[in-house]
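# Predicted model, plus sequence, below.
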Amino acid sequence: MTNKKLKVLLCAPPPGGASGGISRWTEHVMAYYNSFPDNLVDLTLFAMPRKHFIGYVSTIKRIWLGTLDYYSIYRKYKKTIKTKKPDISHIVSSASLGLLKDLLLLKASIRKGIKTVVHFHFGRIPELCIQQNWEYKLLRRVVRLADKVVVIDKQSYIALQNEGFMNVVLLPNPLAPSVNEYVAEHKNAIKVERKIVFAGQLVATKGIFELVEVCKSIPDIHLKMLGYVNENMKDQILNRLGSGDNSWLEICGNQPYNLVLREMLTADVFVLPTYAEGFPNVILESMACGCPIVTTKVGAIPEMLDIKNGENHGICVEPKNEEQLKKAILKMLNDRDYATKCGQNAQERVNKLYSMPIVWKQIEDIWQAVVN
């Protein structure tokens, strides 16, 4: 039997790109691979930068420009698989019109006899299976063509199995080793009483307006909002505050990774009242920091915090429900024994289930299953 390495081409947005959590996933996976070269796999990144055509009003023009971008990626991909000759192409997908790009890459791979894995990094699959719209139809074609399909949350796994697809596997996102290294170095960080932290892009769908409205009515708190925010959104947030002393709110904008972790370590509560998610890195990171978490019942979050067995790792509320959100935040702020226990349980859980070595082994098993 040969000991030849399995050649895998990882087709994904590059680290530091405009794809948010997916770019972070790529960064974590490649950093781990490069720091600990594996004996079984020869992994190469085929970078697929995600372009944002900001300023174009016409949807048709955006679609046209996106199509040109996908065709450029397709041509580059054909050249790459011809020279690299991978055994497996692992295609990372964020769905929507990106499914057209996925179809092009899948068909090129099939023509060359290359095995394929499509990795969906979004949590809307159950919703699409109900809607049966154009995106659903594209999704079905992609799933049919792929040798293996990876999803990041249990509801997506169940939805695709109910659609009759048996080539689906469930894989969580990993916690970057650098997070635990930082936490270990700053294990003596002191919690700041009644400090609430939000981390993520400041857009309406992250629940930021509900969070600000709720926090307006909670006395003696300090809310720090970390993440990219444009001036228009910042003005909308500030306009909701009204007159009076608004020093309790601090809109910090984009911050270095280690500063975000420091804020999590010293927060009384981490809050992410988002409307929709896949498998959010900020929840993994706040778990690793032992931070009491209040968030919503979307995507993989209930699985991450083991909500089916009670609220022992954090509290999940319904999206857009300000009453539930306020009650959960007050519970964490006022019941410190409970909040501390939630943080400790979450920290233990993330290291047990979602550490990079554990998830990496699952990725390797998927690749081996595909070629075998």
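Arrived safely, thanks for sending. Every value quoted in this text rests on a predicted model; they were computed, and no experiment measured them.
# Mean pLDDT per helix and strand in this protein: which one sits at the bottom?
Every helix and strand in the chain was compared by mean pLDDT, DSSP states H and E; the lowest is helix 59-84, with a mean of 80.
# so for stretch 39-58, what's the average pLDDT?
Computed over stretch 39-58, the mean pLDDT rounds to 71.
# Stretch 203-220 now?
Mean pLDDT, computed over stretch 203-220, is 96.
# Let me see the residues that make contact with that stretch.
194, 196, 198, 200, 202, 221, 223, 225, 233, 236-237, 240-242, 248-249, 271-276, 296, 319-322, 325-326, 329-330, 333 (C-beta atoms under 8 Å, 6 or more residues apart in numbering). In short, each C-beta sits where N, CA and C put it, glycine included.
# Give me the buried subset of these.
194, 196, 198, 200, 202, 221, 223, 225, 233, 236-237, 248-249, 271-274, 296, 319, 321-322, 325-326, 329, 333 (16 or more other C-beta atoms under 10 Å).
# hey, where'd the strands end up in the stretch 1-150 of the chain?
6-12, 41-47, 88-93, 115-120, 148-151 (DSSP state E, counting those that start in this stretch).
# same question, the stretch 251-372 of the chain
Using DSSP E, counting those that start in this stretch, strands in the stretch 251-372 of the chain cover 269-272, 293-296, 315-317.
# Show me what the first one is packed up against.
When contacts are defined as 3 or more C-beta pairs under 8 Å, 6 or more residues apart in numbering; DSSP states H and E, strand 269-272 sits against strand 195-199, helix 281-288, strand 293-296, helix 322-334.
# Residue 173: which of those is closest?
Closest approach to residue 173 among the helices and strands packed on strand 269-272 (C-beta to C-beta): helix 281-288, 6.5 Å.
# Residue 203 and residue 22, how far apart?
16 Å (C-beta to C-beta, to the nearest Å).
# between the two, which one's more packed in?
residue 22 (23 against 16; other C-beta atoms under 10 Å).
# what ranges do the helices span in the stretch 151-300 of the chain?
154-162, 177-185, 208-216, 231-239, 257-265, 281-288 (DSSP state H, counting those that start in this stretch).
# which one of these has the most crowded surroundings?
Among the helices of the stretch 151-300 of the chain, ranked by average contacts under mean count of other C-beta atoms under 10 Å, first place goes to helix 281-288 (a mean of 25).
# Show the average pLDDT along that helix.
Here the average pLDDT along helix 281-288 is 96.
# Residues in contact with that helix: which ones?
With C-beta under 8 Å, 6+ apart, helix 281-288 has contacts from 21, 24-25, 173-175, 179-180, 183, 199-200, 260-261, 264, 270, 272, 277, 293, 295, 301, 304-305, 313-314, 346-347, 349-351, 354.
# try it again with 7 Å
21, 24, 173, 175, 179-180, 183, 199-200, 261, 264, 270, 272, 293, 295, 301, 304, 346-347, 349-350, 354 (C-beta atoms under 7 Å, 6 or more residues apart in numbering).
# Please list all residues in contact with residue 266.
189, 190, 191, 192, 195.
# ok, so what distance separates residue 307 from residue 155?
13 Å.
# Then residue 294?
For residue 294, the distance to residue 155 - C-beta to C-beta - is 21 Å.
# what residue ranges in the chain score low on pLDDT?
The chain contains residues with pLDDT under 70 at 1-3, 17-20, 37-38, 50-68.
# Of all residues in it, which one is nearest the centre?
Residue closest to the mean C-alpha point of the chain, counted by C-alpha atoms, centre = their mean, is residue 280 at 3.5 Å.
# That residue: what's it in contact with?
Residue 280 touches 21, 272, 301, counting by C-beta under 7 Å, 6+ apart.
# follow-up on the earlier one: the helices of the stretch 151-300 of the chain: which one's closest to residue 34?
helix 177-185 (11.9 Å).
# Can you spell out which helices and strands pack onto that closest one?
The contact analysis (3 or more C-beta pairs under 7 Å, 6 or more residues apart in numbering; DSSP states H and E) places helix 177-185 against helix 257-265, helix 281-288.
# buried residues in stretch 83-96?
86, 87, 88, 89, 90, 91, 92, 93, 94, 95.
# which two in the residues you listed are spaced the farthest apart?
87 and 95 (25.5 Å).
# The nearest residue to residue 30 once chain neighbours are set aside and residue 251: what is the separation?
Nearest non-adjacent residue to residue 30, counting by C-beta to C-beta, 6 or more residues apart in numbering: residue 45, 5.8 Å away. Distance of residue 45 to residue 251, computed by C-beta to C-beta: 34 Å.
# would you turn the strands of the stretch 1-150 of the chain into a markdown table with distance to residue 161?
Shown next, in a markdown table, are the strands of the stretch 1-150 of the chain (distance: least, C-beta to C-beta, whole Å):
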| stretch | distance to residue 161 |
| --- | --- |
| strand 6-12 | 25 |
| strand 41-47 | 28 |
| strand 88-93 | 18 |
| strand 115-120 | 14 |
| strand 148-151 | 10 |
